[in-house]
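Sequence plus the predicted model coming up.
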Amino acid sequence: MSKWTQQDMPDLTGKVIIVTGANSGLGFESTKELAKHGAAVVMAVRNMEKGEKARADILKEIPNAKLDLMKLDNADLSSVHAFAAAFKERYGRLDILLNNAGLMAIPRQETADGFEMQFGVNHLAHFALTGLLLDMLTRTPGARVHSVSSSAAFNAQINFDDLMGEEEYSRWGAYGQSKLANAMFATELNRRLKAAGYDTIANSSHPGFVMGNLQTNSLEQSGAPFMERVLYGLGETIVGQDISMGVLPQLYASTAPDAKGGVFYGPKTFRVRGYPAEQPCNDALNNPALLKRLWDVSEELTGVTFDQLD
């Protein structure tokens, strides 16, 4: 694992993989590499026009890529339900669910269901999607659920008293909370899968410092202050890494035969760049009471329950 790259990925022929947010950034890079290694990749995207362009771009580079475009809007639970139902009609297995789609540090908005947008899109939609597809995952031998988190999770906390930021909202605080929720969900899901006797595993990762579409969107939507833009520029120049490196932790965790469940992966050099490695994330991942509390509130908010794992 010391210098694991895309070239070390196993043959994925015959495997079916869902990538949420597959049309740009880390999702696009993941889709391309997974398809290159033989997988049938379902590109779950909000904007079908952008999805079609992304699919066409990959097919130019990999003419034999097996790509299926399906609509999924993480800001609307009815879309999550519709996607899961459509996927089950079309496929008989699910080897990897790559929960990748996300928003970063945007002004406060709400989803169609009234959730704070970042918590709703980044965590609750993926929680619901995983629950709705759990039966397919658990009957597919060696399946995996991977959640893409962020270094913003390192010092974040879940504000259960104001989960939706209605009383006080910080765009970075809300982002960190949603990314911590991703890692906590992966940790608790893996524990429950193991306790129930399934060979399905769940893990999470962060990409390090990669200047991509998330950062650009954040700056555009928030009208970020001058200093934030300057810091982004300096960070990209000094410690930033190319997206082909930033995607490695999620590809390793999703596909490598020796990747483990319940583990958080990230770039090993100062935790901002380099090859993937196991890393600590946040003390909350070692707190069973907090993990259970987030799980319970997520079930309550989404209405999706993991009955197989109770």
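That came through, no problem.

Now do the contacts for F185.
By Cβ atoms under 8 Å, 6 or more residues apart in numbering, the contact set of F185 is 123, 126-127, 130, 147, 202, 294-295, 298. For the C-beta atoms, the positions are set from N, CA and C on the backbone; glycine is no exception.

Need the mean per-residue confidence for stretch 289-302.
Across stretch 289-302, pLDDT averages out at 98.

Next step: the contacts of F185 restricted to helices.
Among those, the members found in helices (DSSP state H) are 126-127, 130, 294-295, 298.

Now list the buried members of these.
126-127, 130, 294-295, 298 (16 or more other Cβ atoms under 10 Å).

where does the stretch 201-310 of the chain have low pLDDT?
For the stretch 201-310 of the chain, the stretches flagged by pLDDT under 70 are 211-240.

For it, which segments count as strands?
With strands called from DSSP state E, counting those that start in this stretch, the stretch 201-310 of the chain shows them at 201-205, 264-269, 273-279.

now for the first one, which elements pack on it?
It refers to strand 201-205. Contacts defined by 3 or more Cβ pairs under 8 Å, 6 or more residues apart in numbering; DSSP states H and E place strand 201-205 against strand 144-148, helix 171-195, helix 248-255, strand 264-269.

okay, the ones you listed in CSV with distance to D76 next?
Listed next are the helices and strands packed on strand 201-205 as CSV, based on distance: least, Cβ to Cβ, whole Å:
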stretch, distance to D76
strand 144-148, 20
helix 171-195, 17
helix 248-255, 24
strand 264-269, 29
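
between the ones you listed, which gets nearest to N74?
Of all the helices and strands packed on strand 201-205, helix 171-195 sits nearest to N74, with 11.1 Å by Cβ to Cβ.

got the angle for the closest one vs strand 144-148?
Counting by axes from the mean of the first three to the mean of the last three Cα atoms, to 10 degrees, helix 171-195 lies at 170 degrees to strand 144-148.

Buried ones in helix 171-195, by neighbour count?
Across helix 171-195, burial judged by 16+ other Cβ under 10 Å covers 171, 173-194.

closest to D76 among the ones in helices among the contacts of F185?
Closest to D76, out of all of those and judged by Cβ to Cβ, is H126, at 13.5 Å.

so what's that closest one up against?
Per Cβ under 8 Å, 6+ apart, neighbours of H126: 20, 74, 99, 101, 147, 182, 185.

thinking again about what came up before, between the strands of the stretch 201-310 of the chain, which one is closest to L251.
strand 273-279 (8.1 Å).

helices or strands up against the closest one?
The contact analysis (3+ Cβ pairs under 8 Å, 6+ apart) places strand 273-279 against helix 243-246, helix 248-255, strand 264-269.

Distance from the chain centre to that strand, please.
Centre-to-centre, strand 273-279 and its host chain are 17 Å apart (Cα atoms, centre = their mean, to the nearest Å).

about what we covered before: mind putting the ones in helices among the contacts of F185 in CSV, distance to K66 included?
Below are these laid out as CSV (distance: Cβ to Cβ, whole Å):
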residue, distance to K66
H126, 23
F127, 28
T130, 23
L294, 35
W295, 34
S298, 32
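
Surely E49 forms part of a strand?
No. With DSSP: H, G, I helix; E, B strand; the rest coil as the criterion, E49 is helix rather than part of a strand.

Relative to L294, how far out is it?
Separation of E49 from L294 (Cβ to Cβ, to the nearest Å) stands at 35 Å.

next one: R171
21 Å.

Same question for V16.
Computed as Cβ to Cβ, the V16 to L294 distance reads 29 Å.

same question, M184
For M184, the distance to L294 - Cβ to Cβ - is 5 Å.

joint contacts of the two?
Contacts common to M184 and L294, judged by Cβ under 8 Å, 6+ apart, are I158.

before we move on, the earlier item: just name the most buried of the strands of the stretch 201-310 of the chain.
Highest mean neighbour count among these (mean count of other Cβ atoms under 10 Å): strand 201-205, with a mean of 27.

For that strand, report the contacting residues that lie outside it.
Contacts for strand 201-205 (Cβ under 8 Å, 6+ apart): 143-149, 182-183, 185-187, 189-190, 193-194, 249-250, 252-253, 259-266, 276, 281.

Can you tell me the strand partners of that strand and which way each runs?
Strand 201-205 sits in its sheet next to strand 144-148 (parallel), strand 264-269 (parallel), going by DSSP bridges.

Tell me the gap between that strand and the middle of its chain.
The answer for strand 201-205 is 10 Å, by Cα atoms, centre = their mean.
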